[in-house]
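S.K.: Show me how the following folds:
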Amino acid sequence: MATFLFWNISKNNRSNDIVTLCHENEVDILILAESTIKETVLLKVLNTGQRAKFIAPSNPSSYLSFFFKYPINSIQNVTDDGRISIYQISPPIGLKVLLVALHLPSKLYGTEDDQTYRATRVIQTIREAEEKMEHTNTLVIGDFNMNPFDKGLVGADGFHAV
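M.R.: Now for the predicted structure:
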């Protein structure tokens, strides 16, 4: 089973902490939000002395950075709008998975109603990706910038989370 690490590092250089977490927890997929660390620099320190190497495929997202320990041909970008990235991961063993990573706007830049509307749009984007890839093995991970009981998370038109 794959190990995922998502961290909004808020433009801080947390390279040493990231490397420690990845190595100690044998992370397979690393996703960073608000990272200003150059991918090449982070890859160098992540991969030093490691048998399994991280790669960073071409990344269209402006808010999210991705690092995978999977072969490049097992990673397919399905869609990206900057704040929502969807990748299909086809691991060497196991089922294909749609990885939905997101970094939604905070209430500093909108209202709870704006976030609720955005959540419904995310759900629509996920459904479209599931139809396109013909499966619903979907993992959603990220910084929702919502409280656990906000309408965008618990509403039937949103994430319908419990």
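
S.K.: The chain: strands as residue ranges?
M.R.: Ranges of strands within the chain are 4-8, 29-33, 64-68, 75-80, 84-89, 97-103, 138-143, based on DSSP state E.

S.K.: Of those, which is nearest V41?
M.R.: Proximity to V41 (Cβ to Cβ) singles out strand 64-68 among these, at 11.6 Å. All C-beta atoms are positioned from the backbone trio N, CA, C, and that covers glycine.

S.K.: ok, back up a step: with mean neighbour count and mean pLDDT as new columns, can the strands of the chain be given to me in a markdown table?
M.R.: Converted to a markdown table, those look like this (neighbours: other Cβ atoms under 10 Å; pLDDT from 0 to 100):
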| stretch | mean neighbour count | mean pLDDT |
| --- | --- | --- |
| strand 4-8 | 16 | 97 |
| strand 29-33 | 23 | 97 |
| strand 64-68 | 23 | 96 |
| strand 75-80 | 16 | 94 |
| strand 84-89 | 22 | 96 |
| strand 97-103 | 23 | 96 |
| strand 138-143 | 17 | 96 |
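
S.K.: Need those strands in JSON lines (columns: distance to G49).
M.R.: Below are the strands of the chain laid out as JSON lines (distance: least, Cβ to Cβ, whole Å):
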{"stretch": "strand 4-8", "distance to G49": "19"}
{"stretch": "strand 29-33", "distance to G49": "17"}
{"stretch": "strand 64-68", "distance to G49": "16"}
{"stretch": "strand 75-80", "distance to G49": "24"}
{"stretch": "strand 84-89", "distance to G49": "25"}
{"stretch": "strand 97-103", "distance to G49": "27"}
{"stretch": "strand 138-143", "distance to G49": "27"}
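
S.K.: closest to S58 out of those strands?
M.R.: Closest approach to S58 among the strands of the chain (Cβ to Cβ): strand 75-80, 7.7 Å.

S.K.: Mind giving me the packing neighbours of that closest one?
M.R.: strand 84-89, helix 112-133 (3 or more Cβ pairs under 8 Å, 6 or more residues apart in numbering; DSSP states H and E).
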